[in-house]
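>>> here are the coordinates; sequence isn't available:
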């Protein structure tokens, strides 16, 4: 994670924000007095929140594990060609 001081962040706010958004890399901003903070794009924040939700939901994690096991065993559900066309929008 990149890091900068709050003074440098304030001086170059636009360029730091553009870098965070375009590169999808968080930026740690340090302050002399007080806690540091992290700047992250809204898209990355939402993705991380969704990931945390799934990881904390034991029912979803069980479904993922079961699906992975059936896929590995080759015994999972296989949609028909028509269903695949509908899914992929062809």
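Looks like it came in fine. This one's a predicted model, so the numbers in the text were calculated from it and none came from an experiment. Numbering: from 1, shown residues only.
>>> where along this protein do the strands fall?
With DSSP state E as the definition, the chain shows strands at residue ranges 2-5, 27-30, 37-39.
>>> Who are the packing partners of the second one?
The one in question is strand 27-30. For strand 27-30, the elements it packs on are strand 2-5, helix 6-11, helix 13-23, strand 37-39, judged by 3 or more CB pairs under 8 Å, 6 or more residues apart in numbering; DSSP states H and E. No exception for glycine: its C-beta is placed from N, CA and C like everyone else's.
>>> And the ones you listed: which comes nearest residue 68?
Residue 68 lies closest, by CB to CB, to one member of the helices and strands packed on strand 27-30: helix 13-23, at 30.9 Å.
>>> who touches that closest one?
Residues lying outside helix 13-23 but in contact with it, judged by CB atoms under 8 Å, 6 or more residues apart in numbering, are 2, 4, 9, 25-27, 39-41, 43.
>>> out of the helices and strands packed on strand 27-30, nearest to residue 74?
It's helix 13-23; of the helices and strands packed on strand 27-30, that one is closest to residue 74 (CB to CB) at 39.4 Å.
>>> picking up where we left off before, quick check: which of the strands of the chain is buried the most?
For these, the stretch with the most neighbours on average is strand 27-30, a mean of 16; neighbours defined as mean count of other CB atoms under 10 Å.
>>> Can you list the strands that it pairs with?
Looking at strand 27-30 with DSSP bridges, its partner strands are strand 2-5 (parallel), strand 37-39 (antiparallel).
>>> just so I know, which of the helices and strands packed on strand 27-30 lies nearest residue 80?
Nearest of the helices and strands packed on strand 27-30 (CB to CB): helix 13-23, 41.1 Å.
>>> circling back: could you dump the helices and strands packed on strand 27-30 into a markdown table with distance to residue 69 and mean pLDDT added?
Putting the helices and strands packed on strand 27-30 into a markdown table (distance: least, CB to CB, whole Å; pLDDT from 0 to 100) gives the following:
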| stretch | distance to residue 69 | mean pLDDT |
| --- | --- | --- |
| strand 2-5 | 40 | 96 |
| helix 6-11 | 47 | 97 |
| helix 13-23 | 36 | 97 |
| strand 37-39 | 37 | 98 |
